[in-house]
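[1] predicted coordinates and the sequence they were generated for:
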Amino acid sequence: MVDYYQRLIGKYPIISIEDGLAEDDWEGWKALAKALGGKIQLVGDDIFVTNPDIFNKGIKEGIANSIFIS
């Protein structure tokens with residue numbers, strides 16, 4: 001998926017992706033953040049499930065560069 005998103009971002013003016021990967025794919029999220037985190041907004045919603053403990057884990061592991069709180 002990371003390669004797919006990189007191709008899309010290269011072709012279209014995408015500025016943000018919300019829940020780009022499965023909520024339990026922490027390694028995939030790390031790879032996504034490493035590849036695209038400096039270029040676009042990567043919004044974690046389902047991965048963080050509005051849980052402060054999971055937020056902290058995500059921050060420590062560099063999972064996303066923004067969060068959706070509802």
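    Received, thanks.
[2] can you pull out the strands in the protein?
    Using DSSP state E, the strands of the chain run over 16-18, 41-44, 66-67.
[3] and the longest one, which residues are buried?
    Looking back up the chat, that one is strand 41-44. Neighbour-count burial for strand 41-44 flags 42-44 (criterion: 16 or more other Cβ atoms under 10 Å). For every residue, glycine as well, the C-beta is placed using N, CA and C.
[4] and which of those is nearest S66?
    Lowest distance from S66 to those (Cβ to Cβ) belongs to V43, with 4.9 Å.
[5] check contacts around the closest residue to that closest one other than its chain neighbours.
    Nearest residue to V43, sequence neighbours excluded (Cβ to Cβ, 6 or more residues apart in numbering): E18, at 4.0 Å. E18 makes contact with 43, 45, 68 under the criterion Cβ atoms under 8 Å, 6 or more residues apart in numbering.
[6] among those, find the lowest-pLDDT one for me.
    Within the contacts of E18, pLDDT reaches its minimum at F68, with 85.
[7] that residue and Q41 touch, don't they?
    No: F68 is beyond contact range of Q41, at 10.4 Å (criterion: Cβ atoms under 8 Å).
[8] quick one on the thing from earlier: for E27, find the nearest of the strands of the chain.
    E27 lies closest to strand 41-44 among the strands of the chain, at 14.3 Å (Cβ to Cβ).
[9] which strands border the closest one, and is each parallel or antiparallel?
    Strand 41-44 pairs in its sheet with strand 16-18 (parallel), strand 66-67 (parallel), by DSSP bridges.
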